[in-house]
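>>> Sharing a model prediction with you, sequence too.
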Amino acid sequence: MVNKSDSAGTGPPTKDYRLAQVADLNRCWEQLLHFARRHVYAKHAIIPHQHSNSFYYLSDGLVGLFYTASCGRERLTLRVKPGCIFNEARPLSGLTPEGRFVCMQASVVWHFPERLLRDPGFISGHAEQISNLLRSMGTKILTHYIFLAEMGTGSHETHLCRFIQALMHGSRQRNIPCNMTQEEVASLLGIHRTTLARLVRRLKRRGVISSFTARSITIENPEELDMIANGGQLPADGEDI
């Protein structure tokens, strides 16, 4: 028998994996907020996770998980939306990877003491939440794996078109919401902001899109978009990417 509150929102990742984002995975933890401390962070604030001995629940806002590669470039690896636990892997693994949790919007974050995840009494007394946490960790692991696989093959142009496809959520609407700045999109795709700007200009010149803003993207030729997302290439137009 499946507990509805445990399974709700913890199904397998859909095409949101191309956006590297999760939402509503851990709503049942709201029953345990009396164990946590509430913090309000301004937009662009950095959550001091490496010194807080906490794992977190996001009840409002948007948090980006940024990690620095060996080459020194920082990359956005996951966007956490409300209803999710995050930073649970660090206290469970004992590892302290270099990274930052950045509030991409003003956010309300609940700090749970990490000792709860090592307390047999807490674990046995809150089986629903622990089971839910395991499910959500599996979802995030698969989201990471699939996102890296999708964005590890093909050209930068292909990656951008796959990202736009993901925003479409299977619809064929001409105008689709974006809700990410070009800087955030570039960080998610692992490219420089100037490279993204050149890619956008090229797609515009070829008539694939007509606008790309933080609010929305206007698609003019969805068939061409699909072709590029599936590995096809636009003819060279003299501009290096």
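Looks like it came in fine.
>>> Could I get the full set of helices for this protein?
Here the chain has its helices, by DSSP state H, at 4-7, 89-93, 120-125, 127-151, 156-168, 182-189, 193-205, 222-229.
>>> Deepest-packed of those, please.
Ranked by mean neighbour count, those are led by helix 156-168 with a mean of 21 (mean count of other C-beta atoms under 10 Å). Yep, even glycine has a C-beta here, placed from its N, CA and C like the rest.
>>> Tell me how far that one lies from the chain's centre.
15 Å (C-alpha atoms, centre = their mean, to the nearest Å).
>>> and the direction of it versus that of helix 222-229, what angle?
Interaxial angle of helix 156-168 relative to helix 222-229 (axes from the mean of the first three to the mean of the last three C-alpha atoms, to 10 degrees): 130 degrees.
>>> So which elements touch helix 156-168?
helix 127-151, strand 175-177, helix 182-189, helix 193-205, strand 216-219, helix 222-229 (3 or more C-beta pairs under 8 Å, 6 or more residues apart in numbering; DSSP states H and E).
>>> Need these in TSV (columns: distance to Lys81 and mean pLDDT).
Listed next are the helices and strands packed on helix 156-168 as TSV, based on distance: least, C-beta to C-beta, whole Å; pLDDT from 0 to 100:
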stretch	distance to Lys81	mean pLDDT
helix 127-151	12	88
strand 175-177	14	91
helix 182-189	14	88
helix 193-205	23	94
strand 216-219	19	94
helix 222-229	24	92
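>>> possible to save the ones you listed as TSV with distance to Arg27?
Below are the helices and strands packed on helix 156-168 laid out as TSV (distance: least, C-beta to C-beta, whole Å):
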stretch	distance to Arg27
helix 127-151	8
strand 175-177	23
helix 182-189	25
helix 193-205	34
strand 216-219	29
helix 222-229	32
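>>> picking that back up, of all the helices of the chain, which lies closest to Val108?
With C-beta to C-beta as the criterion, Val108 lies closest to helix 127-151 of these, at 18.9 Å.
>>> so how far is the closest one from its chain's centroid?
For helix 127-151, the distance to the chain centre is 12 Å (C-alpha atoms, centre = their mean).
>>> Report the angle between it and helix 182-189.
90 degrees.
>>> just to revisit the earlier point, to Val22, which of the helices of the chain lies closest?
helix 127-151 (6.0 Å).
>>> Give me the helices and strands touching that closest one, please.
helix 4-7, strand 21-22, strand 74-80, strand 84-86, helix 156-168.
>>> Figure out the length between the terminal residues of stretch 41-50.
16 Å (C-alpha to C-alpha, to the nearest Å).
>>> which other residues reach it?
Here stretch 41-50 makes contact (C-beta atoms under 8 Å, 6 or more residues apart in numbering) with 56, 61, 63, 87, 90, 96, 100-109.
>>> now stretch 204-211
Residues outside stretch 204-211 that contact it (C-beta under 8 Å, 6+ apart): 161, 164, 200, 203, 212, 217-221, 224-225, 228, 234, 237.
>>> from those, which single one is nearest Gly121?
Using C-beta to C-beta, Ile164 is the member of the contacts of stretch 204-211 that lies nearest Gly121, at 48.6 Å.
>>> isn't that closest one right up against Leu225?
Yes. Ile164 is within contact range of Leu225, at 6.3 Å (criterion: C-beta atoms under 8 Å).
>>> between those two, what contacts are shared?
By C-beta under 8 Å, 6+ apart, Ile164 and Leu225 have these common neighbours: Ile209, Ile219.
>>> Can you say which of the helices and strands packed on helix 127-151 is nearest to Val185?
helix 156-168 (6.8 Å).
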